[in-house]
Structures are given as structure tokens and as C-alpha cells.
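Trainee: Provided below for reference: sequence and predicted model.
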Amino acid sequence: MAVLYDRVALIGLGLIAGSMSLAMRAGGLAGETVGYARSPETRAAARQIGLVDRVAESAAEAVAGADLVVLAVPVGVMGAVAAEIAPHLKPGATVTDVGSVKQAVIEAVAPHIPAGVHFVPGHPLAGTEHSGPHSGFAALFRNRWWLLTPPEGTDPEATARLAALIRAMGANVEDMDAAHHDLVLAVTSHTPHLIAYTMVGVADHLKRVTESEVIKYSAAGFRDFTRIAASDPTMWRDVFLQNKEAVLDILGRFTEELFMLQRAIRMGDGAQLHDYFTRTRAIRRGIIEAGQDTSAPDFGRMPAGAATGQD
Ligand SMILES: NC(=O)c1ccc[n+]([C@@H]2O[C@H](COP(=O)([O-])OP(=O)(O)OC[C@H]3O[C@@H](n4cnc5c(N)ncnc54)[C@H](O)[C@@H]3O)[C@@H](O)[C@H]2O)c1
Ligand SMILES: O=C(O)C(=O)C[C@]1(C(=O)O)C=C[C@@H](O)C=C1
């Protein structure tokens, strides 16, 4: 594989940045990777395991001379990090981010990007419940979608080069409008996470009544909820605060459906329940027939055979 960027700076050294670094190393895609994270413990851990080629002591040092800068921090601090690095960006460089929310990140980051530097926002639809410098792995993005939401007027060459890097890491790239992205992700990722957090919270309250039974007899469905509910609290706090409108919209619809099902149960309306579950089963079967495996944790997995990157 050819080197696509001579120097790549990764700001934040957690699951996503770590996985990118390892994937770029595996494919020989970057001349050098330089990383920075705010906490000295994270920088020390990254240095110890050789997560990047070089760990910098400041964000400014990390981005100096970098051809690609990746913002891989919680969405709530993207703007502050962009402000910090802005004066140190190399003319002609590309800045991208991997945040789970796009409109709020664009609003926070774009005003800081100097003329002559390209900003191409993005979001890999791949992750796990783990975080931190030890959690990354090179295959994370393989056969997953990676959405790019370049605002109008973004340099097409900068976007195409970033897309080539993403494909070389094994993912498939699609462009999407940022507002549409936020609504889609509110349905497929953000609200499901909130529901998982809530369900585990309910079980925790119940534990006082049932003692250890909740854990002891937890079946696959509840186990999947606990996996999702183990996700990083800072990341998810920021996602809900930064994608507030779309999540509240979907949550409102969810609550209406839940009340409707609650009423059907109370009224003993078996036909309504059966009809509803028949419809949802058809949706799941339709997804599988289209070749998309939706088994947790892969909301972002591509239809089989859609990968165009290396394997
Ligand atoms: N975890 C997922 O499943 C997933 C998937 C796709 C996208 N994302 C997005 O990717 C981004 C990173 O998520 P992650 O899972 O890699 O998180 P993580 O918690 O594993 O890593 C975040 C890193 O950012 C660092 N950091 C925090 N504040 C900082 C600051 N002000 N300056 C410099 N470094 C700072 C932390 O020290 C840590 O190294 C988030 O915006 C998240 O929404 C996450
Ligand atoms: O599999 C998981 O653990 C995830 O939560 C990954 C997941 C998702 O919801 O699909 C979470 C947040 C992201 O922004 C992208 C991917």
C-alpha cells in the first residue's frame, strides 16, 4: 500500500485514534504517526505500547508539519481542541474528525480552521464499549461504513484523499448531509444507547428486590444491553448534549410507541401486539435479506461484498 499522508497527527489517543494508527501502520499508509492526548497517563500508556510512532507533549507540537490531523476526542471538546491547534496547522493540511455527531462539531470546529487548510468532517460507524489507549485494534474499520459530511465548498481533492485513506483501512465511504447524519444516527445509535442505559438502570433498581437474580439469570438480550451501557460516560454525555434535537425527536416517537404497546398489554389486545411484532420481524428479515448483519455491536456494518478497501 502506498503512503497517503507523510505525517498524520492524532489528537486523542483512545479507541478510534488507536485503531486508526494501528490500521495505518498495518497498511503502510502514513509516513509517520504523531499522537497527543490531554492526560499524561494516556500519553505514557500510548508511548509504552508504541501506539503511534511519536507521542507529542502538546497538541501544537503534534500537529506541526502534519498533512492530516484527526480530531478523535469527545464531541464536546472538539471546538476547544480546534482553537488550540489552529495557529500551528500546516498550510494545505487536512483536518478531519471522527465525532459521533456532525452538525455541532462542524459549528464548533469550522470557525477555527484557517484559510488554506481543509476541513473534512467524518464519522466511522464502528466502535466497541471499550475506550482508552489499550482498546484500539487495526481491524476495527474493516467492512464498516465511514460517513463524510463535507460542508459545501470543501476541496474535492482533500475529500478524495481522505476517502482513499479510509478505504485503505478497510471501510467504505459515503458522503452525507450533516443534519441528515445526525437524524439517522439518533435512530440507529444514539437513542438505542439511551434505551440500553435506561434498561440497565431499571435492572439496577430492581436488584434491591431480587438481589443477585438480575445478574445471575440475565439472558442474552439483557447482556447485550449491559455491553452497550458499559460505553464511555464522557463520550455519551457529549453525544446526547450535542445531538439534543434529533435525539429528543426520536425519543418522543419511541415513548409514543411504548405507551401504545403498554396500553395493548393492559387491554389484553393480543392482535395489536402480534401485528406489531410481525411488522418488526419483517424489518429485521428484510435487513438480513439485503445482506446486512445487524448483530450487536455492528449497527454500522456494510452489506456483504460492499467493501472496496483492502482486506
Ligand atoms: N467509541 C465508539 O464506539 C466511537 C465510534 C465512532 C466514533 N466515536 C467518536 O470518536 C471520538 C473518540 O472516541 P473514542 O471512543 O476513541 O474515545 P476514547 O475515550 O477511547 O478516547 C478519547 C481520547 O481523547 C482524549 N481527550 C479528551 N479530551 C481531550 C482534550 N481536550 N485534548 C486532547 N485529548 C483529549 C482522551 O485522553 C482519550 O485519549 C468521539 O468523538 C466519539 O464520539 C466513537
Ligand atoms: O458497537 C458499539 O459498541 C457501538 O456503540 C458502536 C457505535 C454504534 O452505535 O454503532 C457507537 C457510536 C458510534 O458513533 C459509532 C458506532
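Mentor: Perfect, I can see it now. Ligands and ions are numbered 1, 2, ... in the order given.
Trainee: once you drop chain neighbours, what's closest to residue 45?
Mentor: Nearest non-adjacent residue to residue 45, counting by Cβ to Cβ, 6 or more residues apart in numbering: residue 133, 4.5 Å away. C-beta: built from backbone N, CA, C; applies to glycine.
Trainee: can you tell me which residues contact that neighbour?
Mentor: 13, 14, 18, 37, 42, 45, 46, 49, 51 (Cβ atoms under 8 Å, 6 or more residues apart in numbering).
Trainee: now the first one, what's its secondary structure?
Mentor: I take that to be residue 13. coil (DSSP: H, G, I helix; E, B strand; the rest coil).
Trainee: still on that earlier bit, residue 280: which of the contacts of residue 133 is nearest?
Mentor: Checking those against residue 280 by Cβ to Cβ gives residue 14 as the nearest, at 34.3 Å.
Trainee: where does this structure have its least confident helix or strand?
Mentor: Scoring the helices and strands of the chain by mean pLDDT, DSSP states H and E places helix 213-216 at the bottom, with a mean of 68.
Trainee: wait, which of the contacts of residue 133 is closest to ligand 2?
Mentor: The shortest approach to ligand 2 among those belongs to residue 14, at 12.4 Å (Cβ to the nearest ligand atom).
Trainee: can you tell me how far the closest one is from residue 35?
Mentor: Per Cβ to Cβ, to the nearest Å, residue 14 is found 10 Å from residue 35.
Trainee: which of these two has more neighbours?
Mentor: residue 35 (28 against 25; other Cβ atoms under 10 Å).
Trainee: beta partners for that one?
Mentor: residue 10, residue 55 (DSSP bridges).
Trainee: what residues does the protein have near ligand 1?
Mentor: 11-17, 37-39, 42, 72-75, 77, 81, 98-100, 123-124, 127, 131-132, 135, 232, 235, 239 (Cβ under 6 Å from any ligand atom).
Trainee: just the ones in strands from those, please.
Mentor: Among the residues of the chain next to ligand 1, the ones falling in strands (DSSP state E) are 11, 123, 124.
Trainee: so which of these is the closest to residue 141?
Mentor: Once Cβ to Cβ is applied, the member of those that ends up nearest residue 141 is residue 124, at 5.6 Å.
Trainee: contacts only, for that closest one.
Mentor: With the criterion set at Cβ under 8 Å, 6+ apart, residue 124 makes contact with 16, 98, 140, 141, 144, 145, 146, 166, 171, 300.
Trainee: so what's it closest to, chain neighbours aside?
Mentor: Using Cβ to Cβ, 6+ apart, the closest residue to residue 124 is residue 146 (4.6 Å).
Trainee: check the residue nearest in space to the middle of the chain and give its pLDDT.
Mentor: The residue lying closest to the centre of the chain (Cα atoms, centre = their mean) is residue 100, at 4.5 Å. At residue 100, the predicted lDDT confidence score is 98.
Trainee: same question, residue 171
Mentor: At residue 171, pLDDT is 98.
Trainee: follow-up on the earlier one: what number of residues lie near the residue nearest to residue 124?
Mentor: Neighbours of residue 146 (other Cβ under 10 Å): 25.
Trainee: need the three-state assignment for it.
Mentor: Assignment for residue 146 (three-state DSSP): strand.
Trainee: touching, it and residue 125? I think so.
Mentor: Yes - judged on Cβ atoms under 8 Å, residue 146 makes contact with residue 125 at a distance of 6.9 Å.
Trainee: the longest helix belonging to the chain vs ligand 2: in contact?
Mentor: When the chain is scanned for its longest helix (criterion: DSSP state H), the result is helix 244-267. No - Helix 244-267 does not reach ligand 2 (Cβ under 6 Å from any ligand atom); its nearest approach is 12.7 Å.
Trainee: how far out from the middle of the chain is the helix or strand just after that helix?
Mentor: Following helix 244-267 in sequence order, the next helix or strand is helix 270-289 (DSSP states H and E). Taking the mean of its C-alpha atoms, helix 270-289 sits 28 Å from the chain's own mean (Cα atoms, centre = their mean, to the nearest Å).
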